[in-house]
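*Asks:* Got a predicted structure here, sequence first:
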Amino acid sequence: PVCLAPTTLRCSDCTLYPSQPECEDCCDSVTLTSTFSEFQDPSQYYSQFNGQFTHTGVVHNNHKVYQSDIFTTVCLFYSNSGNWIIYQCADLNTASRWIQAPGTKCVHQATGWVVFSQTTGEDVSDESFSFDCLGKTTTTAKAITSTMTTTTTTTTSTATTTTTTTTTTTSTTTTTSTTTT
């Protein structure tokens with residue numbers, strides 16, 4: 001079985017369920033797109049980040065490290081805190097970041113990107129921000145897991161014995177969406 005990030009409680013048998021996000025093969029090259037003004041304005045630092053990021057061959061925290069093809073000191077990687085971040089390639093163990101999104105198996109599955117605005121000095125949510133793999137079908141899923149515990153008590157009349165059995169049942173409801181780029 002293949003599991004999602006450590007904070008997610010779901011694993012899949014990829015032979016039986018190949019369309020689950022945790023079974024997807026991650027791209028070796030992704031393209032950053034955003035309509036956020038600081039990515040569009042050539043006078044802004046982030047405008048240099050637009051375009052392609054390519055897997056360097058390095059794996060950090062069991063995820064591929066990508067380097068900007070345009071601005072080669074900038075990398076996209078999976079941080080020690082479990083988020084995708086964009087920051088300097090020289091320090092993959094940093095807690096600092098310019099841009100981040102919650103962790104996923106592959107970066108092109110990530111949503112909820114937050115950009116540290118160079119002009120306002122504040123974090124800004126950028127719903128337009130994404131990394132795309134050309135020609136790749138992307139599967140994203142949100143799993144809702146609930147746990148129910150029941151206790152059964154059985155008394156045997158031949159002896160004064162009480163047996164208590166606790167059963168824990170976990171159910172998962174998954175919403176899956178598929179996008180082809």
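*Replies:* Okay, I see it.
*Asks:* Kindly provide the whole-number mean pLDDT of stretch 120-140.
*Replies:* Mean per-residue pLDDT for stretch 120-140: 79.
*Asks:* Grab the CA positions of that stretch and hand them over as CSV.
*Replies:* Taking C-alpha atoms only, stretch 120-140 is exported to CSV below (Å, rounded to 0.1, in the frame of the first residue of the first chain):
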residue,chain,number,x,y,z
THR,A,120,2.7,44.5,1.6
GLY,A,121,4.9,42.3,3.8
GLU,A,122,1.9,40.0,4.6
ASP,A,123,0.8,36.5,3.6
VAL,A,124,-1.7,36.5,0.7
SER,A,125,-3.8,33.5,-0.4
ASP,A,126,-3.4,33.0,-4.1
GLU,A,127,-6.2,30.8,-5.5
SER,A,128,-4.8,31.2,-9.0
PHE,A,129,-1.4,29.7,-8.1
SER,A,130,-0.7,26.2,-9.4
PHE,A,131,2.0,23.9,-10.7
ASP,A,132,0.9,22.1,-13.9
CYS,A,133,2.2,19.0,-15.6
LEU,A,134,1.5,19.2,-19.3
GLY,A,135,-0.5,16.2,-20.5
LYS,A,136,-1.0,14.8,-17.0
THR,A,137,-4.3,13.9,-15.4
THR,A,138,-4.3,15.1,-11.9
THR,A,139,-6.3,13.5,-9.1
THR,A,140,-7.0,15.4,-5.9
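*Asks:* What mean pLDDT does stretch 33-40 get?
*Replies:* Per-residue scores along stretch 33-40 average to 93.
*Asks:* in that stretch, what's buried?
*Replies:* 34, 36, 38-39 (16 or more other CB atoms under 10 Å). Any C-beta I mention is one placed from the backbone N, CA and C, and that applies to glycine too.
*Asks:* Out of those, the closest to Ser68 would be?
*Replies:* The nearest member of these to Ser68, counting by CB to CB, is Phe39 at 12.5 Å.
*Asks:* quick one: secondary structure of that closest one?
*Replies:* Secondary structure for Phe39, judged by DSSP: H, G, I helix; E, B strand; the rest coil, is helix.
*Asks:* Return the set of residues that bridge with the closest residue to Ala110 other than its chain neighbours.
*Replies:* Nearest non-adjacent residue to Ala110, counting by CB to CB, 6 or more residues apart in numbering: Ala101, 4.0 Å away. The partner list for Ala101 in beta bridges (DSSP bridges) reads Trp84.
*Asks:* From the structure, what's the count of residues near Ala101?
*Replies:* Using other CB atoms under 10 Å, Ala101 has 21 neighbouring residues.
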